[in-house]
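Everything below, folded, please.
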Amino acid sequence: MRTVSDRFTEFLIRVDRFEKGFQFGDKVGRYIFTLALLNYLLNRCTPFRVEGELEAVYFNCDGRYLYIKTGSWESSWDDWDIGSKIRRNNFANALFNYYVQATSNLRKSAVMTNEERELLSRLSKVNTIAIIPPYLRPTELLYITNLAYRTTPIEVSVNRDILKDPSLLIIPNATKPELNEVAFMPDITRHEVPYHVYFYPSSGKIEEDIYSEYREYAWVGRQGACLVKDRLLNEFNRLMNLLNGAFSLALSYLLY
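Reported below is the predicted structural model:
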């Protein structure tokens with residue numbers, strides 16, 4: 001969990017530096033970076049469909065399922081953080097219009113495609129990694145309200161118990177390049193016991209959460225966490241490589 005926290009914080013620091021490098025106006029850089037990220041993914045992964053005008057985009061990234069929700073572009077015009085700056089930013093709006101055109105041939109629907117269903121049938125039933133800003137609104141660094149990444153099923157046997165569907169929940173700070181929380185959340189299947197561990201980077205505190213009547217299963221969660229750690233971190237690193245891959249494209253916009 002510390003590794004996840006450290007690497008994602010490094011990513012947020014890079015985004016923060018990118019934001020500060022933009023001269024168009026305070027906090028406009030997050031829109032530019034998020035648009036660069038979407039454009040990178042449109043070329044790096046296979047998009048299934050979009051909802052609205054890039055409000056939600058669904059991808060197949062090398063056999064992994066990636067969903068990104070950003071909120072509507074029009075609502076960004078009324079963002080209380082920056083007022084009308086994004087509305088007046090010709091570069092950002094031209095960039096957005098370019099992405100609308102780039103996705104014009106994609107299915108515009110809330111209904112899954114057949115290819116999407118087929119991919120999901122082979123993947124974990126729950127999100128392997130989710131990034132959700134506080135209050136389900138964009139942070140000052142990323143214009144993203146929800147990101148979900150699903151991978152192939154991960155499970156291990158601990159004596160007669162199965163620990164499965166281990167997920168990471170990452171909650172960024174709303175205003176700073178920091179994390180509020182990282183959570184590790186698998187299930188122990190014999191009694192369908194959820195085993196959750198929370199890490200708070202600011203204090204370094206770790207809290208273990210399991211139903212009191214199932215406290216004896218905490219050791220299953222601890223042993224299972226050790227067994228799935230490398231596989232889960234490998235998936236986290238795959239996702240981070242995708243997110244970091246957008247920087248070279250974003251920097252070209254900064255130089256432009």
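
what residue ranges in the stretch 51-200 of the chain score low on pLDDT?
Across the stretch 51-200 of the chain, the ranges flagged by pLDDT under 70 are 53-54, 71-89.

And the helices in it, which stretches?
Assigned by DSSP state H, counting those that start in this stretch, the helices in the stretch 51-200 of the chain fall at 73-77, 85-88, 90-102, 114-120.

so what does the longest strand seen in the chain touch, helix or strand wise?
When the chain is scanned for its longest strand (criterion: DSSP state E), the result is strand 161-172. Judged by 3 or more C-beta pairs under 8 Å, 6 or more residues apart in numbering; DSSP states H and E, strand 161-172 is in contact with helix 2-21, strand 129-131, strand 155-158, strand 179-188, helix 218-244. Bear in mind the C-beta positions are built from the backbone N, C-alpha and C, glycine included.

So what touches the shortest one?
Residues from elsewhere that reach strand 129-131 (C-beta atoms under 8 Å, 6 or more residues apart in numbering): 8, 144, 146-149, 151, 167-172, 235-236, 239.

Recalculate using a threshold of 7 Å.
Taking contacts as C-beta atoms under 7 Å, 6 or more residues apart in numbering, the residues outside strand 129-131 that touch it are Leu147, Ala148, Tyr149, Ser167, Leu168, Leu169, Ile170, Glu235, Phe236, Leu239.

how about the nearest residue to the fifth one, chain neighbours excluded?
This points to Leu168. Of all residues not flanking Leu168 in the chain, Ile129 sits nearest, at 4.8 Å (C-beta to C-beta, 6 or more residues apart in numbering).
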